[in-house]
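[1] Provided below are the primary sequence and the corresponding predicted coordinates.
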Amino acid sequence: MATNEDQTMELEALRSIYEGDECFKELSPTSFQYRIGNLGDPKAFLLEISWPEMYPELAPNISLNAFFNNSISASVKQNIIAKLHEQIEANLGTAMMYTLFEWAKENQEQLMENHQPVVNTVTTSTNENSVTTNTSVAKKKEKKEHLSKSQKKKLADKTDNQGELPRGWNWVDVIKLSKTGCKDD
């Protein structure tokens, strides 16, 4: 019989294993998401698994309903869930979250083999010709620079109330420059 202690131990193990892994997200102490594949990969999908009260004696709940998965057809989603349920049946009664995430990562190609990436077609009309361009829906997001509190404070001290640097912040001090010995020979 599973206890809260078993779930607590598995939770601590998951936090330890996936610490710093940008693909793993703990939604709650009993609900987790893992992105299978890289951002921008048309065959990437977001796997969400949550524990019922009697987990691991009862199978965890699997969902592929995240917005990230909107380009995946219902039949491909059903296939992924069916294959994961096979893994769940084999591991019922034991801690299996890590096993499920890793199995999905290792079998991503097989799970997504029938997936057809969604491609938007954009048509631009010119005077005499019609030009068609294919652009992929998935685009890599640019990473934002993360500043520490002290860096943010220094930046705020340098800027005005609109977040702009004051006029002349990068001007050269001509008097100071002339005293350093910059002479024309």
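    Looks like it came in fine.
[2] When you work out contacts or count neighbours from here on, use the C-alpha atoms and nothing else.
    Noted.
[3] Just give the nearest non-adjacent residue to the residue most central in space within the chain, would you?
    When Cα atoms, centre = their mean is applied to the chain, the residue found nearest the centroid is Cys23 (5.4 Å). In this structure, Cys23 finds its nearest non-sequential neighbour in Arg35, 4.8 Å apart by Cα to Cα, 6 or more residues apart in numbering.
[4] Tell me where the longest helix sits in this structure.
    helix 74-91 (DSSP state H).
[5] tell me what that helix is packed against?
    Applying 3 or more Cα pairs under 8 Å, 6 or more residues apart in numbering; DSSP states H and E, we find helix 74-91 packed against helix 97-106, helix 108-111.
[6] Neighbours of the residue nearest to Cys23, how many?
    When counting by other Cα atoms under 10 Å, one arrives at 19 neighbours for Arg35.
[7] buried residues in the longest helix of the chain?
    76-77, 80-81, 84-85, 87-88, 91 (16 or more other Cα atoms under 10 Å).
[8] Looking at strand pairing, list the partners for Glu26.
    Phe32 (DSSP bridges).
[9] pLDDT score for it?
    You'll see Glu26 listed with a pLDDT of 90.
[10] And for the one 10 residues further on?
    Confidence at Ile36, expressed as pLDDT, is 89.
[11] bridging residues for it?
    Judged by DSSP bridges, the bridge partners of Ile36 are Phe45.
[12] What about it, how many residues nearby?
    The burial count assigned to Ile36 is 21, neighbours taken as other Cα under 10 Å.
[13] ditto for the one 5 residues further on
    By other Cα under 10 Å, 13 other residues sit near Asp41.
[14] Next one, pLDDT for it please.
    85.
[15] same deal with Thr132?
    Thr132 is assigned 46 on the pLDDT scale.
[16] Next: Glu102.
    On pLDDT, Glu102 comes in at 90.
[17] if I look at Lys25, how far off is Arg35?
    9 Å (Cα to Cα, to the nearest Å).
[18] now the strands for this protein?
    Taking DSSP state E to define them, one finds strands in the chain at 24-28, 31-36, 45-50, 61-63, 119-125, 130-136.
[19] Pull out the buried positions in the first one.
    Read it as strand 24-28. Applying 16+ other Cα under 10 Å to strand 24-28 flags 24-26 as buried.
[20] do you know how far the closest residue to Lys83 other than its chain neighbours is from Met54?
    Distance criterion Cα to Cα, 6+ apart; nearest residue to Lys83, sequence neighbours excluded, is Leu111 at 7.9 Å. Distance, Leu111 to Met54, by Cα to Cα: 28 Å.
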